[in-house]
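> Sharing a model that was predicted from the sequence below.
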Amino acid sequence: MRFDIITIFPEYFTPLSASLLGKAQDRGLLSFGVHDLREWAYDRHRTVDDTPYGGGPGMVMKPEPWGQALDDVLTPGARLVVPTPSGRRFTQKVAGELAASPQLVFACGRYEGIDSRVMAHYSSPSSGVEVDELSIGDYVLAGGEVAVLVMIEAVSRLVPGVLGNAESVSDDSFAPGRMENLVEGPVYTKPPVWRGLEVPQVLTSGHHGRIARWRRDEALRRTAALRPDLLARLGREGLDKHDRRL
Ligand SMILES: COc1cccc(Cn2ccc3ccc(-c4cc(N)[nH]n4)cc32)c1
């Protein structure tokens, strides 16, 4: 899977060569291209912003550099992802959708955003590109770079082979299946007693059925306490007879 990022702060993406993303690159599972938008700003000062039509505070990113850059970077069938506070919510489901794309191109805006004609141009059916304006949460960042790092990490781990055998997306919170829409339950490792605190005995019983039941109970309890909105989404059909006893 190919990720291309266009930004005026390419240094934000140095972390992509670290950890699991770096290893996945070495194994040819992922490839990244980080591009400085100013390479496509041809005036002497490499200008990428200007004052907003209609007045108002701040600056808006000019369409010309974006058009030149995206024309060079986008390939047929790519998805253009534009982080914005007002976008569709980025969720695990959306991450799964994006993971199916051969190329994701991320447009990192700054200032008050990118001239809206850029998204309109590439949204037209003749562009051959799908445009997603996405928000990672109801708070306002200073630009798209941090949101892109979040999305790249969430999408990359869904690409087959990126996670080692020791990790699995199937047990994720929000992963499709029985634990979908439940938050993670508690996790434990050695030592068996730490500062007087013991590991729940069921986890060392070797009884896999009881362990699975205990884990679901704990996930349900934590979801009810921390994310009751998710429990409502689960609905009665998502709860079995035992669950309703809780
Ligand atoms: C566009 O409207 C804006 C209004 C006020 C400030 C800004 C700042 N800004 C610029 C580019 C940009 C890209 C993404 C985000 C963003 C995404 C999420 N989830 N929060 N914030 C914020 C961005 C933009």
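All right, it came through fine.

> ok, Val193 - contacts?
Contact analysis of Val193 by C-beta atoms under 8 Å, 6 or more residues apart in numbering lists Val199. Heads up, the C-betas are built off the backbone N, CA and C, glycines and all.

> Show me the beta-bridge partners of it.
Applying DSSP bridges to Val193 gives these bridge partners: Glu198.

> Kindly provide the distance from it to the ligand.
42 Å (C-beta to the nearest ligand atom, to the nearest Å).

> again with Gly161
The value you get for Gly161 to the ligand, if C-beta to the nearest ligand atom is used, is 29 Å.

> If I look at the residue lying closest to that residue once chain neighbours are set aside, what pLDDT would I see?
Leaving out its chain neighbours, the residue that sits closest to Gly161 by C-beta to C-beta, 6 or more residues apart in numbering is Leu29, at 5.0 Å. Listed pLDDT for Leu29 reads 93.

> Also Leu239?
Note for Leu239: predicted pLDDT of 73.

> so how many other residues sit close to it?
Neighbour count for Leu239, taken as other C-beta atoms under 10 Å: 14.

> Could you measure from it over to the ligand?
Applying C-beta to the nearest ligand atom, the value for Leu239 to the ligand is 32 Å.

> who does the single longest helix found in the chain touch, helix- and strand-wise?
Ordering each helix of the chain by length in residues (DSSP state H) puts helix 208-226 first. Packing contacts for helix 208-226, counted by 3 or more C-beta pairs under 8 Å, 6 or more residues apart in numbering; DSSP states H and E, involve helix 228-234, helix 241-245.

> Mind listing what's buried along that helix?
Across helix 208-226, burial judged by 16 or more other C-beta atoms under 10 Å covers 214-220, 222-223.

> List the contacts of the residue most central in space within the chain.
Geometric centre of the chain, nearest residue: Met151, 2.3 Å, by C-alpha atoms, centre = their mean. Contact analysis of Met151 by C-beta under 8 Å, 6+ apart lists 81, 83, 90, 95, 98, 106, 134, 136.

> rewinding a little: and the buried residues of helix 208-226 near the ligand, which?
With C-beta under 6 Å from any ligand atom as the criterion, these include none near the ligand.

> Tell me how far the residue nearest to the centre of the chain lies from Asp26.
Distance, Met151 to Asp26, using C-beta to C-beta, to the nearest Å: 22 Å.

> same deal with Cys108?
Applying C-beta to C-beta, the value for Cys108 to Asp26 is 25 Å.

> Which one's more surrounded, these two?
Taking neighbours as other C-beta under 10 Å, Cys108 and Asp26 compare with Cys108 leading, 26 against 10.

> from what I can see the more buried one touches Ala142, true?
No: if you go by C-beta atoms under 8 Å, Cys108 and Ala142 don't touch, sitting 10.8 Å apart.

> ranking the helices and strands packed on helix 208-226 by mean pLDDT, which is last?
helix 241-245 (a mean of 67).
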